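S.K.: Below are the sequence and a predicted model for it; my questions follow.
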Amino acid sequence: MNKKAIAMISGGLDSLLSVKIMQKQGIDLIGLHFILTFTNSSIKKEKDGYVELKYNEKLGIDVINIFNDLEYFKVIQKPKFGYGQGINPCIDCKIYMFKRAKELMKEYNASFIVSGEVVGQRPMSQLKRQIEKIEKEAGLEGLILRPLSALVLPETIPEKEGIIDRSKLFGISGRTRREQMELAKQFGITDYPTPGGGCMLTDKIFSKRVRDLFDNKKEYSLTDLHLLKLGRHFRFDETKIIVGRNKNENIELENLAIESNYPVFIPSDIPGPSIVVDGMVNDNIMRFISYLMFRYSDAKDRNEIIVRIRNLATVKDIIIKRNNPDITIENHII
């Protein structure tokens with residue numbers, strides 16, 4: 001066993017502290033950061049794509065970024081260990097990440113993995129029995145070192161072999177962050193993010209959208225998953241309809257619709273929402289789209305709107321008329 005490890009980097013204070021603790025013991029680290037569609041990430045999206053915050057300047061280590069793929073969403077769709085309060089498969093998600101980290105251990109000749117997890121901080125995946133289960137399922141028993149909580153956990157292999165001095169590790173547990181903030185002062189760390197909102201999959205309303213996608217579309221794409229985060233969502237018969245809520249969402253919806261060749265309805269002569277349609281567009285769907293366009297646009301005193309319909313191959317203008325279909329809109333909200 002050597003003194004090289006893969007460090008799981010969330011972008012928060014705990015992973016930052018864990019890196020600093022390991023560096024004091026002379027461990028050579030390679031960072032691993034997952035950019036997940038439904039979590040707060042320390043990667044921001046700009047016009048030219050994803051831009052990495054300067055981990056190497058803050059931590060002094062190189063960081064590998066892994067974007068989620070459809071394999072990851074299959075884990076969300078059918079988790080072995082079930083969901084939390086929403087559609088959040090926290091245990092399966094951790095197993096997925098550690099398995100990916102295990103693959104990189106071989107590639108970078110690393111002997112173990114370092115994680116900023118704190119025992120008891122998250123009830124779904126960071127209790128002791130869950131930590132043991134995750135390590136076993138990932139094939140990493142004894143090879144995941146958690147410097148902040150090591151003293152309340154069994155000794156890991158690198159500790160037993162003398163690679164790590166256990167006396168210089170910590171025994172933090174629970175949800176308070178006082179001890180981490182004190183450690184940050186000792187390390188001279190002042191610039192770190194406050195705890196974020198976490199995973200969108202824990203939100204019951206958002207989880208409804210994810211379930212709807214899984215239930216209604218066998219072959220979904222990454223674009224379909226990004227669309228879940230935007231606009232108001234409706235399902236009419238078997239057709240999904242997404243209505244933009246502001247100018248920025250309208251632009252994002254239009255761009256994503258073009259990527260997947262979904263028709264997008266854009267009001268031409270008044271301010272209003274862009275509406276993306278995934279599915280059949282028949283007369284009933286058109287009446288519903290018209291109803292939504294008038295409901296969420298500035299067409300209060302108008303009976304007609306000029307709407308441009310765009311997809312990859314065509315662009316055409318149509319006139320839609322005000323209508324009041326005999327529906328209860330709440331029954332169609334996702």
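M.R.: Here it is on my side, so go on.
S.K.: Please parse this structure into its domains.
M.R.: As given by automatic domain parsing, the domain ranges for the chain are 4-186, 230-332.
S.K.: Model confidence at the residue nearest to the spatial centre of the chain, what's the number?
M.R.: Central residue of the chain (C-alpha atoms, centre = their mean): Phe38, 2.4 Å from the mean position. With respect to pLDDT, Phe38 scores 86.
S.K.: same deal with the one 10 residues further on?
M.R.: The pLDDT attached to Asp48 in the predicted structure is 37.
S.K.: Let me know which of the domains of the chain is the nearest to Tyr192.
M.R.: domain 4-186 (4.5 Å; C-beta to C-beta). Placement of C-beta: from N, CA and C, glycine included.
S.K.: mind pulling up the phi and psi values for Arg175?
M.R.: Recorded main-chain torsions at Arg175 are phi -90, psi -10, according to degrees, to the nearest 10.
S.K.: got it, and His33?
M.R.: phi -120, psi 130.
S.K.: Next, the spatially closest residue to Met105 that is not a sequence neighbour: secondary structure please.
M.R.: Ranked by C-beta to C-beta, 6 or more residues apart in numbering and with sequence neighbours excluded, the top spatial neighbour of Met105 is Ile6, at 5.7 Å. On the three-state scheme (DSSP: H, G, I helix; E, B strand; the rest coil), Ile6 is labelled strand.
S.K.: give me every residue that touches Ile6.
M.R.: Leu29, Ile30, Gly31, Leu32, Ala101, Leu104, Met105, Tyr108, Ala110, Phe112, Ile113, Val114 (C-beta atoms under 8 Å, 6 or more residues apart in numbering).
S.K.: repeat for Gln186
M.R.: Neighbours of Gln186 in contact, by C-beta under 8 Å, 6+ apart: none.
S.K.: What pLDDT is listed against it?
M.R.: 93.
S.K.: ok, now Gly11?
M.R.: For Gly11, pLDDT reads 79.
S.K.: shouldn't it be in contact with Ile35?
M.R.: No. With contact defined as C-beta atoms under 8 Å, Gly11 does not reach Ile35; the gap is 9.9 Å.
S.K.: More neighbours: the two, which one.
M.R.: Gly11 (22 against 16; other C-beta atoms under 10 Å).
S.K.: Doesn't the more buried one lie inside a strand?
M.R.: No. Counting by three-state DSSP, Gly11 is not part of a strand but coil.
S.K.: From Ile131, how far out is it?
M.R.: Going from Gly11 to Ile131 by C-beta to C-beta, to the nearest Å gives 21 Å.
S.K.: swap in Arg175?
M.R.: Going from Arg175 to Ile131 by C-beta to C-beta gives 16 Å.
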